[in-house]
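A.B. asks: Build me a model from this:
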Amino acid sequence: MWISPAYAQDAAGGTMAMVTQLAPLVLIFIVFYFLLIRPQQKKMKEHRTMLTALKRGDKVVTAGGIVATITKVKEGSDEIEAEIAPNVRVLLVRGTIGSVIKPQAANDESGKAA
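C.D. replies: Numbers count the residues shown, from 1 in each chain. Next up, the predicted model:
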């Protein structure tokens, strides 16, 4: 009587309409989480672990592209002393280290019999 038939139909199906409108947004967020956010968090965690595991003698590459060998690690500090050339030592901030260079293993094929 006071309510029009069109409004009454919309009020009854309003919750379903709202769910239908929000479902694509929720789906987009889930896709973004698994394709962008989660891998980035995993990469950050691995980088943080790598930075805490630095030790004397490690060969590292800084974010600026400088290759250096660590000579002193100050525990409890963000500073690391590294040698970038013979008798040239610099202080690096731990966060600026991009990666650790792993030593390459010797060629195993030279020792094998043909």
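A.B. asks: now residue 44: how far from residue 63?
C.D. replies: 14 Å (C-beta to C-beta, to the nearest Å). To be clear about C-beta, it is placed using only N, CA and C from the backbone, and glycine gets the same treatment.
A.B. asks: repeat for residue 75
C.D. replies: 22 Å.
A.B. asks: ok, those two, which is more surrounded?
C.D. replies: Between residue 75 and residue 63, counting by other C-beta atoms under 10 Å, residue 63 is the more crowded of the two (12 against 4).
A.B. asks: which residues does the more buried one contact?
C.D. replies: Residues near residue 63 by C-beta atoms under 8 Å, 6 or more residues apart in numbering: 96-98.
A.B. asks: Low-confidence ranges, this structure, go.
C.D. replies: Counting by pLDDT under 70, the ranges of the chain that qualify are 1-14, 105-114.
A.B. asks: Do a quick rundown of the strands in it.
C.D. replies: Counting by DSSP state E, the chain has strands at residues 59-62, 67-73, 79-85, 88-93, 97-101.
A.B. asks: Mind listing what's buried along the fourth one?
C.D. replies: The reference is to strand 88-93. residue 92 (16 or more other C-beta atoms under 10 Å).
A.B. asks: likewise the last one?
C.D. replies: Buried positions in strand 97-101, judged by neighbour count with 16+ other C-beta under 10 Å: residue 97.
A.B. asks: which residues are contacting that strand?
C.D. replies: Under C-beta under 8 Å, 6+ apart, the answer for strand 97-101 is 50-51, 54, 58-63, 67, 80.
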